[in-house]
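A.B. asks: Just a sequence and a predicted model for now, questions to come.
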Amino acid sequence: MSEFTPASILSFGTIGLGFLLAFLAYQLLSKPDTQKGSVYVFMFFCVVLVVIGAVIQIYQIHNSVGDKDKEITRIKDEFNARFHQIDLRIGDALAQTRSAAEILNQSNALATGAICPGGPSGKPAAQAGQISQLNSNIAAGLGSVLTNLSAVRQNLIP
């Protein structure tokens with residue numbers, strides 16, 4: 001356990017000063033040859049000093065808590081604003097992914113002749129199989145992006 005020195009007691013501010021002065025007044029009262037009246041007045045002053053110091057300390061703590069509440073509210077509002085921006089961007093990405101998947105489906109239908117029977121000869125493009133395969137691979141990739149974005153949105157946004 002640490003020792004109480006006058007310097008360590010004074011580190012408590014006004015409360016420490018009041019306590020130290022009250023302790024010194026008590027020491028004076030314990031001596032038989034001192035005038036008791038003035039020492040009692042001095043001790044009363046010390047007690048008043050301790051009470052004033054305690055009130056100031058409580059006021060500072062109360063203001064500190066209020067400032068922290070304001071800071072928490074500010075951070076929470078900033079977080080919610082950023083969260084909303086993330087939600088909007090995920091929504092845009094989902095819409096763009098769906099649109100790209102639809103375009104790929106139309107491209108695939110064109111390449112295989114499902115929509116258009118082909119060029120001037122009426123036959124589908126010669127690379128229809130390759131185009132269809134590439135479109136299918138791209139569509140699968142877009143599907144997994146769509147699934148991942150949807151999962152992120154469901155897990156991230158309450």
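C.D. replies: Nice, I can see it.
A.B. asks: count of residues packed around residue 25?
C.D. replies: Other residues near residue 25 number 21, with proximity taken as other CB atoms under 10 Å. Where you see a C-beta, it was placed from the backbone N, CA and C, and this is true even at glycine.
A.B. asks: same question but for residue 108, I mixed them up
C.D. replies: With other CB under 10 Å as criterion, residue 108 counts 20.
A.B. asks: list the contacts for it?
C.D. replies: Taking CB atoms under 8 Å, 6 or more residues apart in numbering as the criterion, residue 108 is in contact with 114, 131-132, 135-136, 139.
A.B. asks: and it, how far is that from residue 98?
C.D. replies: From residue 108 across to residue 98, the span is 16 Å (CB to CB, to the nearest Å).
A.B. asks: hang on, the earlier thing: pick the one among the contacts of residue 108 closest to residue 84.
C.D. replies: residue 139 (30.7 Å; CB to CB).
A.B. asks: wait, what's in contact with the closest one?
C.D. replies: So residue 139 contacts 101, 104-105, 108 (CB under 8 Å, 6+ apart).
A.B. asks: do that again at 6 Å, thanks
C.D. replies: The contact partners of residue 139, by CB atoms under 6 Å, 6 or more residues apart in numbering, come to 101, 104.
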